[in-house]
Each structure stands twice: as C-alpha cells, then as structure tokens.
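Novice: here is my input, please return the structure:
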Amino acid sequence: MRLHVPTSLRWSDLDAYGHVNNARMLSLLEEARIQAFWVSDDTSEHAVGASTAVLDATPGSTTITLIARQEVEYLAPIPYQRQPVDIELWIGHMGGASLDVCYEVYSPVDVEPRVLYTRAVTTIVLVDSASERPRRIGDAERAAWEPYVGEPIVFRRR
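Specialist: Numbers count the residues shown, from 1 in each chain. Coordinates of the predicted model:
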C-alpha cells in the first residue's frame, strides 16, 4: 500500500528554465515525508499520513531523525502547475533503527496522461536525542508502518 501526498509547487521551486530545480526536489520530498510520518497539531484521522504519523518532531522530543542517504532519479522535468503533484510514498525497507522511504512523483491527480517525473529513496535513522545514538524502531511505529512496506525502488541507471 502507498500513501498519496498532494504537494503544491512554489514559484521559488523553479529554475531559470521554468522547471522544478533538482535541489528543490529534495525539499518537496521532505514536505511529503513530514506529512506522512511526523505528528503535527493538524493530524486528524482523515489527514494524509494519519495512521502513519507517529514520529514526534516537536522540540524536546525523545527521538530525532537523521538522513543517512538520498538517491534521486529525475525522469522528466516538472513544469510549474497550480495543482499539487501527487507524491506516492512507501517503505522499501524497515530495519532495526532505519527505514528507506521510497517516492514516486507524478503529475497531479486527474491530469492525463499521468507522468512519472521522479523516483527517490531516503534512508532515515531514528536517533535517541539524549544519547545521540541510533534507537530501535518501536512496536507502535513498526505496526503503523508495516502496511506500507513494499518493493524497494529499482533505479534505471545504477
């Protein structure tokens, strides 16, 4: 199963060619990942990531998350559009203290033809904020994320 996170483009995401800048893509992926996995004040049962948003990112929380690795494959330029792009997220691997979040960035929902713009993977490590050492994924986190574990991304040009 995958999460679908509609993510709006900002004018500042564009480069001189009128396409989403490659470095800004990491920010768009970050926004989708935070909506999917981090608890916020507006996480209701109908919000995107309501069942998977189990990480507390508030100041003073007992866990921090660090990015260990990111890989992005740009398949087609993303032009500016007012409708949000559809970012699909799932977990390609869940280890002891880390998980690989997989993404596919598509054209907006209901826009035909559907275009796959980008594939990416981010490896996240859960870290105990007091000891600054990796900590194991807890039972509640694992239970919330397990339904979203799927096949990892296979990049075309590796």
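Novice: quick check: closest non-adjacent residue to the residue most central in space within the chain.
Specialist: Compute the mean C-alpha point of the chain, and by CA atoms, centre = their mean the closest residue is Arg33, 3.0 Å away. Among residues not flanking Arg33 along the chain, Val101 sits closest, at 5.7 Å (CB to CB, 6 or more residues apart in numbering). Just so you know, the C-beta spots here come from the backbone N, C-alpha and C atoms, and that holds for glycine as well.
Novice: if we can go back for a sec, residues in contact with whichever strand or helix holds the residue nearest to the centre of the chain: which ones?
Specialist: Assessed by DSSP states H and E, Arg33 sits inside helix 22-37. Here helix 22-37 makes contact (CB atoms under 8 Å, 6 or more residues apart in numbering) with 3, 5, 7, 9, 12-14, 20, 40, 47-49, 52-55, 57, 70, 72, 74, 78, 85, 87, 89, 101, 103, 105, 118, 120, 122, 124.
Novice: for that helix, buried residues please.
Specialist: For helix 22-37, burial by neighbour count (16 or more other CB atoms under 10 Å) applies to Arg24, Met25, Leu28, Leu29, Ala32, Arg33, Ile34, Gln35, Ala36, Phe37.
Novice: what is the rounded mean pLDDT of whatever helix or strand Trp90 lives in?
Specialist: Here Trp90 sits within strand 85-94, counting by DSSP H and E. The average pLDDT for strand 85-94 rounds to 96.
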